[in-house]
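Enquirer: Pasted the sequence and its predicted model underneath.
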4 protein chains.
Amino acid sequence: MAQSKFEYVRKFETEEKLLPNCWIVVRIDGRAFHQFSTKHNFKKPNDESALALMNKAASVVMNEFKDIVLAYGQSDEYSFVLRKDTALYNRRGPKIMTYLSSLFTSSYVYHWNQFFKETKLKYPPAFDARVVLYPSDQNLRDYLSWRQADCHINNLYNTTFWALVLKGGLTNNEAEKRLCGTLSSDKNEILFSEFNTNYNNEPEMFKKGTILIRKRIKSPKHGKARLVILPLHEDLIQDKFWEKNSEILAIKT
Amino acid sequence: MAQSKFEYVRKFETEEKLLPNCWIVVRIDGRAFHQFSTKHNFKKPNDESALALMNKAASVVMNEFKDIVLAYGQSDEYSFVLRKDTALYNRRGPKIMTYLSSLFTSSYVYHWNQFFKETKLKYPPAFDARVVLYPSDQNLRDYLSWRQADCHINNLYNTTFWALVLKGGLTNNEAEKRLCGTLSSDKNEILFSEFNTNYNNEPEMFKKGTILIRKRIKSPKHGKARLVILPLHEDLIQDKFWEKNSEILAIKT
Amino acid sequence: MAQSKFEYVRKFETEEKLLPNCWIVVRIDGRAFHQFSTKHNFKKPNDESALALMNKAASVVMNEFKDIVLAYGQSDEYSFVLRKDTALYNRRGPKIMTYLSSLFTSSYVYHWNQFFKETKLKYPPAFDARVVLYPSDQNLRDYLSWRQADCHINNLYNTTFWALVLKGGLTNNEAEKRLCGTLSSDKNEILFSEFNTNYNNEPEMFKKGTILIRKRIKSPKHGKARLVILPLHEDLIQDKFWEKNSEILAIKT
Amino acid sequence: MAQSKFEYVRKFETEEKLLPNCWIVVRIDGRAFHQFSTKHNFKKPNDESALALMNKAASVVMNEFKDIVLAYGQSDEYSFVLRKDTALYNRRGPKIMTYLSSLFTSSYVYHWNQFFKETKLKYPPAFDARVVLYPSDQNLRDYLSWRQADCHINNLYNTTFWALVLKGGLTNNEAEKRLCGTLSSDKNEILFSEFNTNYNNEPEMFKKGTILIRKRIKSPKHGKARLVILPLHEDLIQDKFWEKNSEILAIKT
């Protein structure tokens, strides 16, 4: 069989290695999840089961790829941070991003029934992924701050929007118009004065998203310490988070 | 909220557009599928259900992305060919490969029970993907020929190997040694003389893999023609396939 | 000496190989040549010596790199076409473009005195370069047509502009305003009616630029044929040029 | 003129932007300079005029591109370091490397006569260039240390080699064999015991190469300070150099 005659086609493949000594971030994003969430009756503005399933899928990925030092998720997206010196798949970008998004997706579908006992998964969802490099610790922190600030902005908007619609009886269009041009303070005020809701008391997972990190925890049973993946819903924009978890940026092979 | 302060991090993202006027091939490949197939008791040398599930997942992908003009699968891999002039995701390589591999994986898990009624899926599988460009029709044909020749070589080997093990009572090691250095003709001879098996009579899907193409088929019910995805198990190395399905390479937007 | 301790820095280098089976075009472009031409009193609208020097520099490049099958120059730019199957520098893009632009620049300075006997070169000029891939012959022809059409448009504009300024006594600003929004036919008309100039009779090198190709020519002396670089000032947009010089696209290693 | 019909070919161009917040190093390297130095009778092991011309060409480049904070040259190569935050040509890699190598080459030819009064330039030389990114200050320092260590190793070898040939009367082949497998200490010993040469007393420019940095210097005439490009022949591997010239790594726009 003239296998060799055709093998020249391998020369058309490229080997895209990511620059060494940079933080590698892979961000996964749901495809057409607006529609997906509607079809599966996700609660508005936040569906706890849906977020818990995202966190579960992210944990599977983090458990499989030990070089992920932190993951951050909100809404239908998740960012995975690989240590600067990772040699995973020889730092080939396409390999890294396709495996991570594939395993994330796979776990999402695999664990669906565990989180949605009543709602059947109607069709297979998909997540795209991109890979971004950040040379400095500050760049990485700013990236994560950007995503968490995004989470806050969207959640405040959505919380107010759905209060206006579900409790206030406005149509979607009316709610959108009402919120057009409003500041954060305006939205806080609407929630407080019209719906008796103090935004500050909303669940931290909704306001801050979910941070997954590895922590050495002593087992209550036998007292032995072991690394576990810990979900946190904290502010990661301020220095405090990074001081408390200083091992994340300090990590070395 | 100082969203804007952090947004500079978007400048670290790259936009990798694939060269225009080239065939885009996305090849998906199972991660650690040797282990996966063992854990799920796939029949050796070929598991029809597993192959049928691969074909199903590929059909879902092909149905979703209309610019895929042909897909070719064998073992735990699938290649998708996008038309030369596709504008899918603005020809951004990472977007294309992550969505395709994610949807493929998702469908694989989603439809598992339909193909494996007795065997529960034990853990979420993953598939990586790569994207390769082929400038000419001949390059594309040679790529597909390369994969089909690979299918043949592997299947002949596996068929003989598992005959030696399952019917001949050899250990894996003994079978491996027995086949070391043998030519195709030797393997054919072993199958024929020792196991009364004519390799030519083996199922076409095992020997040739599966080609998915779109064909306009008249509905037997109402007589209207519509595009369906047709699975074929034919030789695509010879000219005949391309003459019979000349619309594949001739395709224009 | 701890050479080895530092050598890890080589891993930060990338190897950018150009896709096989594509025409490679390297386009070289003068840096700030508007200013350069003013400082060196280039004749307006076209300086024959300056163009001849460009052609000379391009010939040196083409003579050095045998895989260049055609070069096309106009104004302060030159495009070099490398055969689809060239293995020059292992198809590493940066290597190819930096060597070509460097040798072009070098030759431009080296041969300056030969073309500008009266005018001293006042400072070292620079040329940037870019590399572009074209998968099909049609794409390549369209690229070259694009540059030649650009040459025509610019030359017609410049010829009219400088007629208005040098012969018509307009200021640069007035000439610019006069030409603003005019069609080709308008410019032809201005040249004809106001300056008694039939644009069609302008030198072909100005209107069409310069094409360099290799031709096997019989020496008038000893009658032996040898490959020479031939400058042409012809239309390369029409089929005729490609029919007459069919070896260019047909070329194989 | 159907310019627009052809303009689609621009879509085949790529825009390769270099990752932000990384040191950009452009290394220029002479093409076939072994032959070039022979043809132009460069003195062995080091030709001061040739090195001075390299330094001159590098100064021109550094003078033109203000974002170059340091340049380092040895033999027929020169490395230019652009500040981490440079926005030069929008950080397009090909543009940066082709302009730098072009201007370097141009200046080399332009200033040849100034450094080689007796020797005519016989043909136009060429320099290739590559661009490499270094994310951290340490990576950058290690890169420069790598080049300076390389300078030392080569210079010690060449000094000994040419002593054996020019003073010792060995053929090139014999000298090569003599040095095969020798350590630095062996070469020092050969120089000292056989040629009465203490390598430590060799000119610093030969042993260390040339570092170009910008320094604010007070004019002896009018006392006003201004930035000048200063050539140094110092050790840049040790911390001392970086402490003394701490503004280089601290530089901000």
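Expert: Looks like it came in fine.

Enquirer: what's the closest non-adjacent residue to residue A:121?
Expert: With sequence-adjacent residues excluded and distances taken as Cβ to Cβ, 6 or more residues apart in numbering or on different chains, residue A:121 is closest to residue A:112, at 4.7 Å. All C-beta atoms are positioned from the backbone trio N, CA, C, and that covers glycine.

Enquirer: just checking, the one you found touches residue A:53?
Expert: Yes. Taking contacts as Cβ atoms under 8 Å, residue A:112 lies within contact range of residue A:53: 6.6 Å.

Enquirer: Which helix runs longest in chain A?
Expert: Longest among the helix segments of chain A by residue count, using DSSP state H, is helix A:137-162.

Enquirer: Counting by contacts, list what the next helix or strand after that helix packs against.
Expert: Later in the chain than helix A:137-162, the nearest helix or strand by DSSP states H and E is helix A:172-179. Counting by 3 or more Cβ pairs under 8 Å, 6 or more residues apart in numbering or on different chains; DSSP states H and E, the packing neighbours recorded for helix A:172-179 are helix A:137-162.

Enquirer: Run the angle between the helix it packs on and helix A:172-179 for me.
Expert: Helix A:137-162 and helix A:172-179 meet at an angle of 120 degrees, taking axes from the mean of the first three to the mean of the last three Cα atoms, to 10 degrees as the criterion.

Enquirer: mean confidence for helix A:137-162?
Expert: Summarised as a single mean, pLDDT over helix A:137-162 is 97.

Enquirer: tell me the secondary structure for residue A:78?
Expert: strand (DSSP: H, G, I helix; E, B strand; the rest coil).

Enquirer: That one bridge partners, please.
Expert: The bridge-partner assignment for residue A:78, based on DSSP bridges, gives residue A:28, residue A:73.

Enquirer: so how far is residue B:104 from it?
Expert: Between residue A:78 and residue B:104 the distance, using Cβ to Cβ, to the nearest Å, works out to 19 Å.

Enquirer: correct me, but residue A:82 touches residue A:67?
Expert: Yes. Residue A:82 lies in contact with residue A:67 (Cβ under 8 Å); the separation is 5.0 Å.

Enquirer: Please enumerate the shared neighbours of these two.
Expert: Here residue A:82 and residue A:67 share the contacting residues residue A:88, scored by Cβ atoms under 8 Å, 6 or more residues apart in numbering or on different chains.

Enquirer: So between the two, which is more surrounded?
Expert: Under the neighbour definition other Cβ atoms under 10 Å in any protein chain shown, residue A:82 and residue A:67 were set side by side, and residue A:82 has more, 23 against 18.

Enquirer: Which helix or which strand is home to the nearest residue in space to the more buried one that is not next to it in sequence?
Expert: If you skip the residues right next to it in sequence, residue A:82 has residue A:24 as its closest partner in space, 4.1 Å away by Cβ to Cβ, 6+ apart. Assigned by DSSP H and E, residue A:24 falls within strand A:23-30.

Enquirer: got the CA positions of that strand in PDB?
Expert: The C-alpha coordinates for strand A:23-30 follow below in PDB (Å, rounded to 0.1, in the frame of the first residue of the first chain):
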ATOM      1  CA  TRP A  23       1.000  32.300  31.800                       C
ATOM      2  CA  ILE A  24      -1.200  30.300  29.500                       C
ATOM      3  CA  VAL A  25      -4.900  31.100  29.800                       C
ATOM      4  CA  VAL A  26      -7.500  28.900  28.100                       C
ATOM      5  CA  ARG A  27     -11.000  30.500  28.100                       C
ATOM      6  CA  ILE A  28     -13.900  28.200  27.200                       C
ATOM      7  CA  ASP A  29     -17.200  29.800  26.200                       C
ATOM      8  CA  GLY A  30     -20.600  28.300  25.600                       C
END
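
Enquirer: What is the distance between it and the centre of its chain?
Expert: A distance of 8 Å separates the centroid of the chain from that of strand A:23-30, by Cα atoms, centre = their mean, to the nearest Å.

Enquirer: Check whether the helix or strand just after that strand comes near chain B.
Expert: Counting by DSSP H and E, the next helix or strand C-terminal to strand A:23-30 is helix A:33-39. No. Helix A:33-39 lies out of reach of chain B by Cβ under 8 Å from any Cβ of the partner chain, never closer than 11.2 Å.

Enquirer: State the mean pLDDT of helix A:33-39.
Expert: Confidence over helix A:33-39 (mean pLDDT, whole number) is 97.

Enquirer: just the CA coordinates of it, formatted as CSV?
Expert: Taking Å, rounded to 0.1, in the frame of the first residue of the first chain, the C-alpha atoms of helix A:33-39 are listed here in CSV:
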residue,chain,number,x,y,z
PHE,A,33,-26.0,29.5,25.4
HIS,A,34,-28.7,32.1,25.4
GLN,A,35,-30.8,29.7,23.4
PHE,A,36,-29.5,26.7,25.3
SER,A,37,-30.5,28.2,28.6
THR,A,38,-34.0,29.0,27.4
LYS,A,39,-34.5,25.5,25.9
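
Enquirer: Would you mind listing the buried residues in that helix?
Expert: By neighbour count, and taking 16 or more other Cβ atoms under 10 Å in any protein chain shown as the criterion, the buried residues in helix A:33-39 are A:33, A:36-37.
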